[in-house]
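Asker: Quick one, structure for this:
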Amino acid sequence: MTTRSLINANQKRSSKLKYLTMTGLMAAMITLMTAYICHIPTGINGGYIHFGDSLIYLAAALLPAPYALAAAAIGGGLADLLTSPIWAPATIIIKMLITIPFTSKSAKIITPRNIIAAIIAYFISGFCYYIAEYLLFGSWTALIASLSGSLIQSGGSAVFFIILGIALDKIHVKTKFINEN
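Answerer: Just a heads-up that it's a prediction; the model follows:
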């Protein structure tokens, strides 16, 4: 093995370790923000309003897709296991789906694509939780209650993500994260 290939191998390992560490930290913060911080129960279906999705959006803007998917699934799933376990399987799938529209390839967190992605995630979340509610409870009649809670929560998370992203972009968090190897 040449010196150059050894250096490249070490850099790859370092990069993977950095992403795994950030994935674990994001999953933990998503869990805490969803289950305990600003956790406001709503309705009779076990739902609640939280800002955990804003950290899922942040993970999707910072991390490559597989890592963002893992952070979202683990963080959202753990939060539901701690607060409302019946929702955990649906949440794991839905939280992974809402990361897909985001990009982590820009030097900034708040980009036109990520703003549009937050809006798309808003609709994905509302629609998918409505479907999950039907599958869990067997009724289409709860449309307004289900959608209103999901959309309020997703909309609040989108706004919080944009505010948080702007603040983090001002201190160049993403550039520092990317360039630290």
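Asker: Let's test this: mean pLDDT of the helix or strand in which M96 is found, rounded?
Answerer: According to DSSP states H and E, M96 maps onto helix 88-99. Confidence over helix 88-99 (mean pLDDT, whole number) is 97.
Asker: OK, contacts around V173?
Answerer: Residues in contact with V173 (CB atoms under 8 Å, 6 or more residues apart in numbering) are I109. Heads up, the C-betas are built off the backbone N, CA and C, glycines and all.
Asker: hey, which helix is longest across this protein?
Answerer: helix 3-35 (DSSP state H).
Asker: In this structure C38 contacts H50, no?
Answerer: Yes: between C38 and H50 there is a contact under CB atoms under 8 Å: 5.8 Å.
Asker: Of these two, which one has the most company?
Answerer: Between C38 and H50, counted using other CB atoms under 10 Å, the more crowded position is H50 (24 against 14).
Asker: related to what we said a few turns ago, extract the C-alpha set from the helix holding M96 and format it as PDB.
Answerer: What follows is helix 88-99, C-alpha atoms only, in PDB (Å, rounded to 0.1, in the frame of the first residue of the first chain):
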ATOM      1  CA  ALA A  88     -43.400   4.100  16.400                       C
ATOM      2  CA  PRO A  89     -43.600   1.900  13.200                       C
ATOM      3  CA  ALA A  90     -45.300   4.600  11.200                       C
ATOM      4  CA  THR A  91     -43.000   7.300  12.600                       C
ATOM      5  CA  ILE A  92     -39.900   5.400  11.600                       C
ATOM      6  CA  ILE A  93     -41.000   5.200   8.000                       C
ATOM      7  CA  ILE A  94     -42.500   8.700   7.800                       C
ATOM      8  CA  LYS A  95     -39.500  10.400   9.400                       C
ATOM      9  CA  MET A  96     -37.200   8.700   6.900                       C
ATOM     10  CA  LEU A  97     -39.500   9.900   4.000                       C
ATOM     11  CA  ILE A  98     -39.400  13.500   5.100                       C
ATOM     12  CA  THR A  99     -35.600  13.600   4.800                       C
END
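Asker: Now that helix: buried residues?
Answerer: Using 16 or more other CB atoms under 10 Å as the test for burial, helix 88-99 gives A88, A90, T91, I92, I94, K95, M96, L97, I98, T99.
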